[in-house]
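> next come a sequence and a model predicted from it.
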Amino acid sequence: MNQENLQTGKQEAIQGFDIEGIFLECTPCGNGHINDTFMMSFDRNGETHRYSLQHMNRSVFKDPVSLMNNILHVTAYLKEQIKAQGGDPQRETLDFVCAKNGESYFVDSFGEYWRAYHFVEDALEEVKDPQDFYESAVAFGNFQRMLADFPADTLTETIAGFHDTKARFAAFEKVVEEDVCGRVAEVQKEIQFVKDRYDVACVLGDLLEAGELPLRVTHNDTKSNNVLMDNTTGKGLCVIDLDTVMPGLAVNDFGDSIRFGASTGTEDEKDLSKISCDMELYDIYTKGFVEGCSGALTDMEIECLPIGAKVMTYECGMRFLTDYLSGDTYFKI
Ligand code: ADP
Ligand code: GN1
Ligand code: MG
């Protein structure tokens, strides 16, 4: 969607949700790679109320209505669990605002889909130190524990084969062969790196097929900026970015957090000598995640956690490389 249409669609969306009060402002927010996120505020009787407004990425999520149904069911289920534990269901999971027509999403005049959530106040997505990282692990572990009995067959697969690393490998090989942007020659070393590790692409899929790892309802995008940390308690408060909640592997949820959070550098660091896996952070996260899952993980899952870290790191690198070779069409970079 071009910038001009996005701005027009955004203005329509601001009016499209069932929010009382006088509109104050709408500013870009967050640093996600997929959706366009804004923070909008309204004045109601002299008090400012904030919301996150998101334009859903239609080229990534082909069926936004089913996606919103997933989120509707998952958040309703989580709210019951949170209430039962004495928590605050308005803050501890995403709480969305309906459009004026009663739907959970708004469609603008370009046919683009928008949604609005109550903004989670007094919380930050930033993991500043090992203790925060531990708390984010507990939050992702808890998330999985709370969804342990969720009826998985009611969820639509929002991105087919999202963590099917073997299928990702096949897609990667195809773009290398096609070389539509003429970029293959300059990244030979990286391409070879991926090709030399085909066994990493297969290992978890094979274990799943053999019935050695269970399919669970998982988050599937567990980088630490997808959990908001409570400014007051320092605990992981609200797991966000629920677009990819669907059946998956617990070890992948673990692994993606390690990929992102136990790295000694940021995701887009160009000086690769700065990048390694901090094993202290690795241990801290493992402790938090296993505690958060509260005994729900099988022995085999626990044994495979390190493999999950390797697979998710490999897969994500391969996906970014695939996107580079395709002309940067998927990730916002
Ligand atoms: P993406 O799929 O693009 O990563 P996210 O759903 O993760 O989109 O949202 C992007 C960012 O917007 C988050 O990292 C967070 O900073 C902010 N955000 C989204 N929803 C909320 C919310 N309800 N309350 C507070 N911040 C939010
Ligand atoms: C994307 O949406 P965001 O920025 O939280 C991507 C993840 C990647 C991640 C890498 C739906 O996550 O799979 O691991 O970028 N999400 C989707 O930063 O593709
Ligand atoms: Mg995100």
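Everything's here; your move. Ligands and ions are numbered 1, 2, ... in the order given.
> do I have it right that residue 112 meets residue 61?
No: taking contacts as C-beta atoms under 8 Å, residue 112 lies outside contact range of residue 61: 11.6 Å. Backbone N, C-alpha and C define where each C-beta goes, glycine included.
> just the helices in this structure please.
3-16, 64-84, 130-146, 165-178, 188-196, 198-209, 250-261, 279-293, 299-326 (DSSP state H).
> what packs against the second one?
Contacting helix 64-84 under the criterion 3 or more C-beta pairs under 8 Å, 6 or more residues apart in numbering; DSSP states H and E are the following elements: strand 96-97, strand 113-118, helix 130-146.
> for ligand 2, which of the ones you listed is the nearest?
Evaluated over these, closeness to ligand 2 peaks at helix 130-146, with 13.0 Å, by C-beta to the nearest ligand atom.
> what residues does that closest one touch?
Contact partners of helix 130-146, identified using C-beta atoms under 8 Å, 6 or more residues apart in numbering, comprise 77-78, 81-82, 126-127, 216-219, 222, 224, 227, 229, 234-237, 239, 250, 253, 257, 261-262, 280-281, 284-294, 296.
> ok, stretch 8-17 next?
For stretch 8-17, the surrounding residues in contact (C-beta under 8 Å, 6+ apart) are 1, 23, 26, 38, 40, 51, 53, 55, 97-100, 106, 108-110, 112, 114, 116.
> if we can go back for a sec, possible to save the helices and strands packed on helix 64-84 as a markdown table with mean neighbour count, distance to ligand 3 and mean pLDDT?
Listed next are the helices and strands packed on helix 64-84 as a markdown table, based on neighbours: other C-beta atoms under 10 Å; distance: least, C-beta to the ion, whole Å; pLDDT from 0 to 100:
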| stretch | mean neighbour count | distance to ligand 3 | mean pLDDT |
| --- | --- | --- | --- |
| strand 96-97 | 18 | 16 | 96 |
| strand 113-118 | 22 | 13 | 98 |
| helix 130-146 | 23 | 13 | 97 |
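> neighbour count winner among residue 112 and residue 61?
Under the neighbour definition other C-beta atoms under 10 Å, residue 112 and residue 61 were set side by side, and residue 112 has more, 22 against 18.
> that one: what's its closest spatial neighbour, skipping adjacent residues?
Residue nearest to residue 112 in three dimensions, not counting chain neighbours: residue 9, with 5.1 Å by C-beta to C-beta, 6 or more residues apart in numbering.
> on that earlier part again, of the contacts of stretch 8-17, grab the buried ones for ChimeraX.
Buried residues among those (16 or more other C-beta atoms under 10 Å), as a ChimeraX selection:
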select :26,38,40,51,53,55,97,99,106,108,112,114,116
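> low-confidence ranges, this structure, go.
Applying pLDDT under 70 to the chain flags no residue at all.
> who in the stretch 151-300 of the chain is up against ligand 3?
For the stretch 151-300 of the chain, the residues in contact with ligand 3 (C-beta under 5 Å from the ion) are 226, 241.
> so which residue of the stretch 151-300 of the chain comes closest to ligand 3?
Taking C-beta to the ion as the measure, the stretch 151-300 of the chain has residue 241 as its residue closest to ligand 3, at 3.7 Å.
> hey, what's the residue lying closest to residue 215 once chain neighbours are set aside bridged with?
In this structure, residue 215 finds its nearest non-sequential neighbour in residue 247, 4.8 Å apart by C-beta to C-beta, 6+ apart. Here residue 247 sits in beta bridges with residue 217, going by DSSP bridges.
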